[in-house]
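>>> Structure for this input, please:
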Amino acid sequence: MTLRIPGEINRTKVETRVITTRGDLIRGDSVGVAERLGLGDLGQVIGSATDLLWVDEALPRAHISGLILSQDTDTDHDVNITAGACRSFDNSVNLVLPTEQTKQIDTPWATGNDAGGIATQATVTSATQDTWYHVHALGFSTATGMRTEIGFDVSVSATNLFTGNGATQYRRLGSVLTDSSANIISWAQDEDTFLWNVPISEKVDNDPGTSAITETLTTPLGVKVQARITFSVDDQSPGAQTHGLVTSLEIADTAPSSTLYHARITDSSSAERKVDSVFLDIRTSVASAIRWRMDNSDTGVTTSIICHGWVEDRERV
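Numbering: from 1, shown residues only. Model prediction:
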């Protein structure tokens, strides 16, 4: 397409070609002269601040798709995150990871794939022992828009990745835990469910009493999740009914009874050993804690809790 713009060169008209590529659009510049607006990328829409321009269409509030975590070849230190997209924590921008990215928890953060991932702090350049690390999608402002990377931080709000590495936006994607050797403990993710490769025995308690007990589970610190546990009661010589109840610390402490329980041992005239187990999801506190209690206890009663993993909303709020 050719625009004919009047010119005063020997009283003739000057032809100026504005559109050069199929799909181009024309917009007015700051003084009203026609100029080319090149074709945008797939999924972009026309927006306007001062000038018409192509912008990424805003994803729905709290949206997340893809961005699934798994252990990479170096299972002790590397985490792979699949391609995907999400809204930032404050729902102000899109964070788009166009291709999968692997980050190393034992190396200071650096841009790009197969690179360091841990937040750079004054005294921390590698993962520490027995520590929860949150995996974040990070936004870095550039001249051409928001660049998305991945990083690890002990902070649920990526504080150290902001101050130490220059990120300006974030969205928490999940969490990993290191063991006594600072290696990542194996897990598997299926959508919003994270399961330990080997279930973790949290507590075995003989004659626990009848008062409420607060139990800390192996689930991410700093966030509330649905802990996936097995709660068991073992009575070596039951002579009376025994009931156990598990509750969240967010609700009232409630004593178990014959009509309100998760696990129950019925009385037995023959005093035979009895065991009852239940598999349930229970909401944790930000300190990874839940509550449980019994209505009967003696030296023959033993309770146990096994943590299989957790389910979380991945910041869909």
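>>> Tell me which stretches of the stretch 51-200 of the chain form strands.
All strands of the stretch 51-200 of the chain, identified by DSSP state E, counting those that start in this stretch, fall at 52-56, 64-66, 69-71, 78-81, 84-87, 94-97, 101-108, 115-118, 132-142, 145-153, 169-177, 187-190, 193-206.
>>> Please render those as a markdown table that adds mean pLDDT, mean neighbour count and distance to residue 223 to the earlier fields.
In this view, the C-beta of every residue, glycine as well, is placed from N, C-alpha and C. Listed next are the strands of the stretch 51-200 of the chain as a markdown table, based on pLDDT from 0 to 100; neighbours: other C-beta atoms under 10 Å; distance: least, C-beta to C-beta, whole Å:
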| stretch | mean pLDDT | mean neighbour count | distance to residue 223 |
| --- | --- | --- | --- |
| strand 52-56 | 64 | 15 | 28 |
| strand 64-66 | 95 | 15 | 15 |
| strand 69-71 | 97 | 18 | 15 |
| strand 78-81 | 97 | 21 | 17 |
| strand 84-87 | 95 | 21 | 16 |
| strand 94-97 | 94 | 22 | 18 |
| strand 101-108 | 94 | 20 | 19 |
| strand 115-118 | 94 | 23 | 19 |
| strand 132-142 | 94 | 21 | 8 |
| strand 145-153 | 92 | 22 | 13 |
| strand 169-177 | 96 | 23 | 7 |
| strand 187-190 | 96 | 15 | 15 |
| strand 193-206 | 96 | 15 | 12 |
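>>> Which residue ranges make up the domains of this protein?
3-56, 64-185, 193-311 (automatic domain parsing).
>>> Nearest to residue 317, out of the ones you listed?
domain 64-185 (9.4 Å; C-beta to C-beta).
>>> Look at that closest one and report the distance between its end residues.
25 Å (C-alpha to C-alpha, to the nearest Å).
>>> Next one: the residue lying closest to residue 285 once chain neighbours are set aside, what pLDDT does it get?
Spatial nearest neighbour of residue 285, chain neighbours left out: residue 249 (4.7 Å); criterion: C-beta to C-beta, 6 or more residues apart in numbering. Here, the pLDDT recorded for residue 249 equals 97.
>>> Please name the residues that touch residue 264.
Counting by C-beta atoms under 8 Å, 6 or more residues apart in numbering, residue 264 touches 233, 241-244, 258, 276.
>>> Closest one to residue 301 out of the residues you listed, please.
Nearest to residue 301 among these is residue 242, at 6.1 Å by C-beta to C-beta.
>>> Any idea what the closest one is bridged to?
Here residue 242 sits in beta bridges with residue 265, going by DSSP bridges.
>>> Same question for residue 293.
For residue 293, the beta-bridge partners under DSSP bridges are residue 245.
>>> and it, how far is that from residue 80?
Using C-beta to C-beta, to the nearest Å, we find residue 293 at a distance of 42 Å from residue 80.
>>> Distance of residue 103 relative to residue 110?
9 Å.
>>> Now do the shared contacts for those two.
Residues within reach of residue 103 and of residue 110 at once, by C-beta under 8 Å, 6+ apart, are residue 116.
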